[in-house]
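J.: using only what follows, build the 3D model:
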Amino acid sequence: MYERITGYDPKARKTKTLSTRLLGKIPAGTEEMVPTRPRKKASEGKKTVVEAERTHFGLCAILEWTGRESGIDQDLLLSFGEEDALKLASVARYWLATDGAALTRLADWQIMNPLPYAYPMTEDVCGELFDTVGRDESGVQSYFRRRAERAGPKGPLLALDTVKLLVLYSTKSREPVAFVKQPGNIPDNVALVNALRQLEVLGLPSPVTVVDDGLYSQEILTHFARDRVKFLMPASNADSWVRDEIDAARDELSDFANICPFDAEVSGVKHTRTREFATVRRRPGGRNAVGETEKCSRRLYVHVFHNLAEAPEHEQRMRLELLSLKEDLENGIEEFRPSAQKLIDCYLTVARTAKGVKVGFNMAEIQKTKRYRGYFILVSNAIKDPFEALEVYRAREKTEELFATYKEGFNGNEPRRPRPESLRGRQFAQFVGLGYHGFLTKRILDLRAKLGTPEPAKSKDELGLEMELRSWLEETSLIGILDRFRCIDFITATGGKQSASWTTETTRRDELFLRLLGVTA
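T.: Residues are numbered from 1 along each chain as shown. Got it, this is the predicted structure:
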């Protein structure tokens, strides 16, 4: 049992802990508190007692600014009760600042790093929080809707499959909007459709769904086209129609007018095509009975691209792979992985004789494949401009970073909880933390892009300091940046009738970062 006294610090613009005192402990199996033994009395010769407290001001200021500026803290307060909202924000900040440390350490960490919830965040408190939030579906969906409103209706969204935890993610704001947990045994296309239904509740009609190449299939393409779901997805070069489109675009891609404005190594063109899709009905409806083929025609925008830098890399990689496989075959190895066996069947000739194995190269297939190296296609029924499509698709890579962060930085590698409600509550807390991470990461990237830009009002010394800050930000991860500001402490001390407070020394680079980010004035 602790007694904690808090107060508002106008300088730091936050509530901080003034003092914490251990009252006692309640032994297991009992209900009465056993008081702690009293402190030893001060020596008789000691006349002046100084009471002081130290907190990690720099780190806490950044976390508080992130919660306030992103609107996450306000959206939590509007969606849940005040106590649960403060607890959720506290857990999210802790996971962000510690790169996903275990919750068993939260209460101790909180002593030096004040959080929105002023009382100790013990493991039992966190467990009760996850149970409560996991049962509060109205609060969860209200929070999703408020985050969706902040993301804006025009931001393309991406549904990312990671063991059937699908997240709706704004590629423009780099922030997650909502998540859906579904059974792992349902097909990918069904999981995507179920996730998209949630958008109607969130007030985001008809977003563009960006699908990674790992989810590309003719079945998903047919489903999206048939149901008029706005989408953007890559197509495989192994498909004959894709190679036909590449052959038709070769001359256009060599024109300098079709060079990508933000990547000079890439050229791109758009072809408008009408394709026919056929599906076999599994349920009766309309004029078609079960088992009958239903056909429809849809207009698609086929964006064909050529990347000059990729062809040599593919060539070198293919040479190394084929030479390695050739050596293995000649050494008597007969069993290979399916992917390796596919390369052998396509590009190598294998003759087994009494003298051994003779391996050659199928140059006809190798030359045929070389014609399509460095080319790729994106298909959409919504985005007409090829370079806008490329920019949106590349932004989907940020979701891979997002889920690497989810697994490594928000304790996502330990998703199992004894109760389903507790698991959902924990996943929601992780989701809130991802929002903190996404917002802060984007603001730092935006800041980094502006640093070092010559302006009349900037002196040579200021430009030099900005370039120093930019170099540091480029070389430092987000957790490294937060660790750096963990060293900036805020200290208050009282002795007799005198009191004072001060912040430990900061460098000019640290002060510039906090000021340009918006944390300090």
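
J.: from now on I want contacts and neighbour counts done on CA atoms only, so please keep to that.
T.: Fine.

J.: so how far is stretch 262-274 off the chain centroid?
T.: A distance of 27 Å separates the centroid of the chain from that of stretch 262-274, by C-alpha atoms, centre = their mean, to the nearest Å.

J.: tell me which helix or strand Phe224 sits in.
T.: helix 218-226 (DSSP states H and E).

J.: mean confidence for that helix?
T.: When pLDDT is averaged over helix 218-226, the result is 78.

J.: list the buried residues in it.
T.: Using 16 or more other C-alpha atoms under 10 Å as the test for burial, helix 218-226 gives 220-226.

J.: repeat that for stretch 336-354.
T.: Of the residues in stretch 336-354, those buried (16+ other C-alpha under 10 Å) are 344, 347-348, 350.

J.: what's it in contact with?
T.: 322, 325-326, 357-363, 365-366 (C-alpha atoms under 8 Å, 6 or more residues apart in numbering).

J.: now the strands for the stretch 351-500 of the chain?
T.: 356-361, 375-380, 490-495, 498-503 (DSSP state E, counting those that start in this stretch).

J.: buried residues in the host helix or strand of Glu69?
T.: For Glu69, the element it lies in under DSSP H and E is helix 57-70. Using 16+ other C-alpha under 10 Å as the test for burial, helix 57-70 gives 57-67, 70.

J.: same question for stretch 106-117.
T.: Those would be 106-107, 109-117, for stretch 106-117 by 16+ other C-alpha under 10 Å.

J.: what about stretch 69-87, start to end distance?
T.: 18 Å (C-alpha to C-alpha, to the nearest Å).

J.: sheet-wise, list the partners of the longest strand along the chain with their directions.
T.: Looking across the chain with DSSP state E, the single longest strand is strand 263-280. Sheet neighbours of strand 263-280, with direction, are listed as strand 259-260 (antiparallel), strand 293-307 (antiparallel) (DSSP bridges).

J.: now do the first one: distance to the chain's middle.
T.: Read that as strand 259-260. 28 Å.

J.: gap between Arg509 and Thr476?
T.: 14 Å.

J.: in the stretch 101-250 of the chain, where is pLDDT below threshold?
T.: Within the stretch 101-250 of the chain, the segments meeting pLDDT under 70 span 152-176, 178-207, 213-216.

J.: helices of the stretch 101-250 of the chain, start to end?
T.: 106-112, 123-135, 137-151, 188-202, 218-226, 240-253 (DSSP state H, counting those that start in this stretch).

J.: ok, for Leu473, nearest residue in space, not its chain neighbours?
T.: Sequence neighbours aside, Arg448 is the residue nearest to Leu473 in space, at 6.9 Å (criterion: C-alpha to C-alpha, 6 or more residues apart in numbering).

J.: alpha carbons only: can I get the longest strand of the chain in CSV?
T.: Extracted as CSV, the C-alpha positions of strand 263-280 are listed here (Å, rounded to 0.1, in the frame of the first residue of the first chain):
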residue,chain,number,x,y,z
ASP,A,263,12.7,8.3,-58.1
ALA,A,264,14.8,8.8,-61.3
GLU,A,265,15.6,5.1,-61.5
VAL,A,266,11.9,4.2,-62.1
SER,A,267,9.8,4.8,-65.2
GLY,A,268,6.0,4.2,-65.3
VAL,A,269,3.0,4.3,-67.6
LYS,A,270,-0.7,3.6,-67.2
HIS,A,271,-2.8,1.3,-69.4
THR,A,272,-6.6,1.2,-69.1
ARG,A,273,-8.0,-2.3,-69.6
THR,A,274,-11.4,-4.0,-69.4
ARG,A,275,-11.1,-7.5,-68.0
GLU,A,276,-13.7,-10.2,-67.5
PHE,A,277,-14.0,-12.0,-64.2
ALA,A,278,-15.8,-15.3,-63.6
THR,A,279,-16.9,-16.8,-60.3
VAL,A,280,-18.8,-19.9,-59.4
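
J.: okay, buried residues for the helix ranked longest in the chain please.
T.: Counting by DSSP state H, the longest helix found in the chain is helix 420-450. Of all the residues in helix 420-450, those buried under the rule 16+ other C-alpha under 10 Å are 421-441, 444, 448.

J.: check stretch 241-249 too.
T.: 242-243, 245-246, 249.

J.: likewise stretch 478-492?
T.: 478, 481-482, 485-491.

J.: what's the average pLDDT for it?
T.: Per-residue scores along stretch 478-492 average to 80.

J.: apart from its neighbours in sequence, what residue is nearest Tyr143?
T.: Ser79 (5.5 Å).

J.: which one's more surrounded, Arg509 and Thr476?
T.: Arg509 (16 against 13; other C-alpha atoms under 10 Å).

J.: give me the spatial nearest neighbour of that one, chain neighbours excluded.
T.: Leu469 (6.0 Å).

J.: distance check, the one you found against Leu514.
T.: Relative to Leu514, and taking C-alpha to C-alpha, Leu469 is found at 11 Å.

J.: compare those two (neighbour count), which wins?
T.: Higher neighbour count among Leu469 and Leu514: Leu469, with 19 against 16, using other C-alpha under 10 Å.

J.: what about the closest residue to Ile481 other than its chain neighbours, how many residues nearby?
T.: Nearest residue to Ile481, sequence neighbours excluded (C-alpha to C-alpha, 6+ apart): Leu473, at 7.8 Å. Using other C-alpha under 10 Å, Leu473 has 18 neighbouring residues.

J.: one more: Gly356?
T.: 12.

J.: so who does it touch?
T.: Contacts of Gly356 by C-alpha under 8 Å, 6+ apart are Glu330.

J.: from Cys60, how far off is it?
T.: Taking C-alpha to C-alpha, one finds Gly356 at 70 Å from Cys60.

J.: and Ala257, by the same measure?
T.: For Ala257 relative to Cys60 (C-alpha to C-alpha), the value is 50 Å.

J.: could you do Glu265 as well?
T.: Glu265 is 43 Å from Cys60, by C-alpha to C-alpha.

J.: which ones are touching Ala429?
T.: 88, 91-92, 130.

J.: how does it look with 6 Å?
T.: Leu88 (C-alpha atoms under 6 Å, 6 or more residues apart in numbering).

J.: gap between it and Ala118?
T.: 18 Å.

J.: one more: Arg319?
T.: 61 Å.

J.: higher neighbour count, these two?
T.: Using other C-alpha under 10 Å as the criterion, Arg319 and Ala118 rank with Ala118 on top: 18 against 12.

J.: just give me the neighbour total for the closest residue in space to His271 that isn't next to it in sequence.
T.: Setting aside the residues directly before and after it, His271 is nearest to Val302 in space (C-alpha to C-alpha, 6+ apart), at 5.1 Å. Close neighbours of Val302, defined as other C-alpha under 10 Å, add up to 26.
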